[in-house]
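In: Show me the folded form of this:
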Amino acid sequence: MSTSQTQIKIQAQKSIKLIPQASELSIKELHNPTSSTTPIKPHPPKPSSFPLSNLPPELRHEIYAHYFANLPSHYISCATISQYNSSQRPNTPESSLPSFHTEFQLYLASIFFTHDIPSWIYYHHATFSFSCPSALKSFTAHPLAHTYVRKIRISYGGIGEQGPDWVYLLLKGFERLEEVVFVVDVEDECGCCGVASERLNHWWGCVGDAFREGMSLNGKGMKGGKVRLKLETRSEDECVIAKES
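Out: Residues are numbered from 1 along each chain as shown. Predicted structure coming up:
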């Protein structure tokens, strides 16, 4: 063996001694030779996602129904109807009122919801509030509203003056009406601590009679069956008296 070969062999043996044995290396160091001896914290697992789109359509519709049923009542004013009508082209039919369900966050959250939420689910489960008879009349011209709306709130005002015939408008305008809440403003004489006046009781009895008579004259009655009537009264100190018939 020549002198040069001997020197190369000696140098190689010295280099081998500098490499630690495999048993002295941690698993992390074997996979990452450039890492230091400081332990490396593993990355937290990514949260698993379960898109709503993975659910069957029936369950998605149940979720949409629950969402709309728990929203505050949607107030439809005369100004709302007038503003929409003024933005339409001439000769636009009254039945082409806006699809109000497109205004809510769930509908706007994703293009998936835009296409997946049926319009009728909103009208069938949401509550609509009115204080203007002409707004209610225009609203019921919308086929979805006329066919599917079940829950209505009426801001009646005071009972001293002759008001509009809400009972007639409601029974004529909605096929599936199930619940109507009348919100009445009362004076101090009507009581603000849960005691309703005789006049208020008489008026409320007339409302119930009018509904029963109207449904009887209608012959076939409402598709949803009996209409549940509720009364909420407001006084100056905002005490609320609730009644149901």
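In: all contacts plus neighbour counts: C-alpha atoms, from now on.
Out: OK.
In: Spell out the residue ranges of the strands in this structure.
Out: Taking DSSP state E as the criterion, the chain contains strands spanning 74-75, 127-130, 151-157, 179-185, 228-234, 240-244.
In: out of those strands, which comes closest to Met215?
Out: When those are compared by Cα to Cα, strand 228-234 sits nearest Met215, at 12.5 Å.
In: just to revisit the earlier point, now the strands of the chain as a markdown table including mean pLDDT and mean neighbour count?
Out: Shown next, in a markdown table, are the strands of the chain (pLDDT from 0 to 100; neighbours: other Cα atoms under 10 Å):
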| stretch | mean pLDDT | mean neighbour count |
| --- | --- | --- |
| strand 74-75 | 92 | 14 |
| strand 127-130 | 96 | 21 |
| strand 151-157 | 95 | 20 |
| strand 179-185 | 94 | 20 |
| strand 228-234 | 92 | 19 |
| strand 240-244 | 66 | 16 |
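In: Please produce TSV containing these, extended by distance to Ala65.
Out: Listed next are those as TSV, based on distance: least, Cα to Cα, whole Å:
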stretch	distance to Ala65
strand 74-75	15
strand 127-130	12
strand 151-157	13
strand 179-185	17
strand 228-234	20
strand 240-244	25
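In: Please identify which of those strands is closest to Cys206.
Out: When the strands of the chain are compared (using Cα to Cα), the closest one is strand 228-234, at 12.0 Å.
In: Let's see that closest one as CSV, backbone CA atoms only.
Out: The C-alpha trace of strand 228-234 is given here as CSV (Å, rounded to 0.1, in the frame of the first residue of the first chain):
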residue,chain,number,x,y,z
ARG,A,228,-104.2,31.4,17.2
LEU,A,229,-104.8,34.9,18.4
LYS,A,230,-102.6,36.8,20.9
LEU,A,231,-102.8,40.2,22.5
GLU,A,232,-99.9,42.3,23.7
THR,A,233,-100.6,45.7,25.2
ARG,A,234,-98.2,48.5,25.7
